[in-house]
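Q: requesting a structural model of the entry that follows:
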Amino acid sequence: MLNVLFLCTGNSARSILAEALLNELGGGIYKAYSAGSHPAGQVNPGALQKLREEGLPVDGLASQSWDQYTGDAAPDLDIVITVCDNAAGETCPIWNGSPVVAHWGIPDPAAAPGDAARRQAFDRAYDQLKRRIEAFLQLPHQRRSPTEASQELQRVRDTLSQEEAANE
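A: Coordinates of the predicted model:
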């Protein structure tokens with residue numbers, strides 16, 4: 001099993017969606033976690049609503065600090081993916097396992113103004129993350145060099161970002 005940590009500053013929306021999606025779609029090959037550098041302390045209700053609408057489990061999802069993924073008691077991580085631009089620009093802790101690190105910037109759905117726009121933003125963020133995770137799951141599962149693995153993860157982001165931009 002490969003451990004994947006999704007990071008976002010607040011760990012309340014995008015990283016939570018990604019954690020739930022990978023745990024659902026990963027077929028037992030991956031164990032997903034999520035955390036934030038400055039966790040909000042609670043999962044955004046819009047994220048929980050979207051996950052429930054999609055039939056994904058929400059039990060156990062929590063906004064937590066990335067400090068839980070450092071130190072002797074923390075799991076070894078194979079991959080760390082930032083899903084917000086703020087987290088990508090921060091100096092991350094030293095992770096156990098020397099993971100491959102990649103960035104998949106997704107606009108913050110919680111920042112959308114108004115209920116209707118926020119709901120659409122959660123739909124869009126969920127769809128973007130789902131497509132990226134599905135593409136990620138098509139990659140070979142065997143161990144690769146960190147450089148090769150990082151490049152593959154960045155290709156997933158770049159290819160799908162271009163498609164998403166073309167469809168807007």
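
Q: for the protein, identify the residue most remote from the centre.
A: Distance to the chain centre peaks in the chain at Gly114, reaching 24.2 Å (criterion: C-alpha atoms, centre = their mean).

Q: and that one, what's its pLDDT?
A: pLDDT for Gly114: 91.

Q: got it, and Gln162?
A: At Gln162, the pLDDT value in this model is 62.

Q: repeat for Cys92
A: We have a pLDDT of 77 for Cys92.

Q: just the buried positions in stretch 105-114, please.
A: Across stretch 105-114, burial judged by 16 or more other C-beta atoms under 10 Å covers 105-106, 108-110, 112. For every residue, glycine as well, the C-beta is placed using N, CA and C.

Q: and for stretch 67-77?
A: Of all the residues in stretch 67-77, those buried under the rule 16+ other C-beta under 10 Å are 69-70, 74, 77.

Q: adding distance to Ala121, secondary structure and pLDDT, write those out as CSV.
A: Listed next are the buried residues of stretch 67-77 as CSV, based on distance: C-beta to C-beta, whole Å; DSSP: H, G, I helix; E, B strand; the rest coil; pLDDT from 0 to 100:
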residue, distance to Ala121, secondary structure, pLDDT
Tyr69, 27, helix, 93
Thr70, 31, coil, 91
Ala74, 32, coil, 93
Leu77, 28, coil, 93
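
Q: need the max-distance pair from those.
A: By the measure C-beta to C-beta, Thr70 and Leu77 form the most distant pair in the buried residues of stretch 67-77, at 9.7 Å.

Q: now list whatever residues contact both of the two.
A: Counting by C-beta atoms under 8 Å, 6 or more residues apart in numbering, the common neighbours of Thr70 and Leu77 are 95-96.

Q: how about the helices of this structure, start to end?
A: In the chain, the segments counted as helices under DSSP state H are 14-25, 45-53, 85-89, 115-137, 146-167.

Q: could you identify which of the ones you listed is most buried?
A: Neighbour counts averaged per stretch over these are highest for helix 14-25, at a mean of 25; criterion: mean count of other C-beta atoms under 10 Å.

Q: against which helices or strands is it packed?
A: When contacts are defined as 3 or more C-beta pairs under 8 Å, 6 or more residues apart in numbering; DSSP states H and E, helix 14-25 sits against strand 2-7, strand 30-35, helix 45-53, helix 115-137.

Q: now do that helix: distance to the chain's middle.
A: Counting by C-alpha atoms, centre = their mean, to the nearest Å, helix 14-25 is centred 6 Å from the centre of its parent chain.
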